[in-house]
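1. fold the stuff below for me.
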Amino acid sequence: MIFYEIKVKYQRQTGEDNPGNVKESYLIEGLNCSDVEARMMEIIKPYVFGDLEVTGCTKKQFFEIINNPEGDRWYKGRVELITIEDNGKETRKTVSVLVEASSIAEAQKTLSHAMNSYDCEIISIAKTPFLEVHRAIHTTD
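-> Numbering: from 1, shown residues only. Prediction:
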């Protein structure tokens with residue numbers, strides 16, 4: 001499956017009696033934009049006060065997604081994977097890894113630990129706008 005960044009705009013109860021407009025980004029695993037938009041509607045339906053508008057749907061690719069129950073934010077790490085071909089030639093490929101953490105320092109530590117089985121170099125880590133990440137529910141019959 002592929003992940004899509006879904007951007008939504010809607011009215012949400014922000015205080016005791018005042019609804020406010022919010023813009024949020026979510027990362028959702030799905031087949032296509034139509035599929036993830038339908039899932040997005042179900043996920044946030046209980047929080048919507050008024051109209052809901054999907055303002056964007058963009059395909060995103062991640063080499064790996066690292067969950068951390070202690071984390072409360074999502075960070076995107078850029079990692080350069082290094083491989084040595086049979087002919088001795090070194091190749092480098094840059095990939096994105098999504099990391100859940102409470103700070104950039106924690107994201108760096110978690111990413112380093114998760115990628116220690118690879119020959120790689122962490123190029124950068126940055127905070128993402130993703131409020132939540134939702135994976136597709138896979139069932140086996």
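2. for the helix or strand hosting residue 39, enumerate the helices and strands it packs against.
-> For residue 39, the element it lies in under DSSP states H and E is helix 33-44. Judged by 3 or more CB pairs under 8 Å, 6 or more residues apart in numbering; DSSP states H and E, the packing partners of helix 33-44 are strand 2-13, strand 19-30, strand 52-60, strand 130-134. Backbone N, C-alpha and C define where each C-beta goes, glycine included.
3. at 6 Å instead, please
-> The elements that helix 33-44 packs onto, with contact taken as 3 or more CB pairs under 6 Å, 6 or more residues apart in numbering; DSSP states H and E, are strand 2-13, strand 19-30.
4. list the strands paired with the first one, with their directions.
-> With DSSP bridges as the test, strand 2-13 is paired with strand 19-30 (antiparallel), strand 52-60 (antiparallel).
5. okay, the angle between it and helix 33-44?
-> 40 degrees (axes from the mean of the first three to the mean of the last three CA atoms, to 10 degrees).
6. returning to what we had before: worst mean pLDDT among the strands paired with strand 2-13?
-> Sorting those by mean pLDDT places strand 19-30 lowest, at a mean of 88.
7. now the angle from it to strand 130-134?
-> 40 degrees.
8. which residues touch the residue nearest the centre of the chain?
-> Nearest to the geometric centre of the chain sits residue 27, at 4.7 Å (CA atoms, centre = their mean). Residue 27 makes contacts with 3, 5, 130, 133, as judged by CB atoms under 6 Å, 6 or more residues apart in numbering.
9. now residue 84
-> residue 90.
10. then residue 26?
-> Residue 26 touches 6, 131-132, counting by CB under 6 Å, 6+ apart.
11. top of those by number of neighbours, please.
-> residue 6 (26 neighbours; other CB atoms under 10 Å).
12. okay, and the beta partners of it?
-> Here residue 6, judged by DSSP bridges, has bridge partners residue 26, residue 57.
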